[in-house]
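In: Test case, fold it:
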Amino acid sequence: MRRRAVARGNEDETGDLATDIDVSLSTTGVSGITAMSADGSYTINIISPRDGHEMGFARWNADPQPAPDFPGDSLVAKDISPDGWAVEAELSTGRVASTRGHKAIYIAIASGNLPEGHPYMLRGCIVKGSERKCTPWHAVHA
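Out: From the prediction side, this is the model:
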C-alpha cells in the first residue's frame, strides 16, 4: 500500500461529481453530504455535529485523476477546518487515510491496487484524541 500526504490550498479535489446527492445522519450526529461520480468515485463531505460547519471530506477515488493527481483505488481525507478535529477516510478493507497530526488545510492519501468490480464500504470520520465520530458506511467499488 502506498501512502502519500500532501498539504494543499483551497483547490477543489472532489472532482466531477454527479448530481446524485444524498444527505445522511449517523447515530453519532456527524453528517455527510454524499455524491457519486460516473467512474464510481464517492465523496462524503463531513459536517460538524455541533454547529454545522464543513470540516472536510472523505473520498473513495475509483480511477486515477490527472488533476489534482490522485491515484485510482485510493482513499482521500481532507481537513479544511482549523477546529482541532482531524478527518479520516476509512475503507472496509481496513485502509485508512488520516489527517491526524497535521494542521488544516491538509490532504492525506492512502492507495494501493484492489481487484476491479469488488464491492467495498466507505465512511468518513472526525477524530480528536480518543474521540471518534463517523458517518454511516456507503457502498463503493474498485
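
In: what's near enough to touch the most centrally placed residue in the chain?
Out: Of all residues in the chain, the one closest to the mean position by CA atoms, centre = their mean is A58, 0.9 Å from it. Listed by CB atoms under 8 Å, 6 or more residues apart in numbering, the contact set of A58 reads 32, 43-44, 46, 75-77, 87-90, 97, 122-125, 135. Placement of C-beta: from N, CA and C, glycine included.

In: Work out for me the element it sits within.
Out: A58 is located in strand 54-61, with elements delineated by DSSP states H and E.

In: chain center to that strand: distance?
Out: Computed by CA atoms, centre = their mean, to the nearest Å, the chain-centroid distance of strand 54-61 equals 3 Å.

In: Give me the mean pLDDT for that strand.
Out: Averaged over strand 54-61, pLDDT sits at 92.

In: Verify the stated contact: A139 with R123.
Out: No: counting by CB atoms under 8 Å, no contact exists between A139 and R123, whose distance comes to 10.9 Å.

In: Settle it for me: which of those two has more neighbours?
Out: Applying other CB atoms under 10 Å to A139 and R123 shows that R123 carries more neighbours, namely 20 against 13.

In: Secondary structure element for that one, which one?
Out: With elements taken from DSSP H and E, the one containing R123 is strand 119-128.

In: same for that strand, what does it pack against?
Out: If contacts are counted by 3 or more CB pairs under 8 Å, 6 or more residues apart in numbering; DSSP states H and E, strand 119-128 sits against strand 42-47, strand 54-61, strand 86-91, strand 131-134, strand 138-141.
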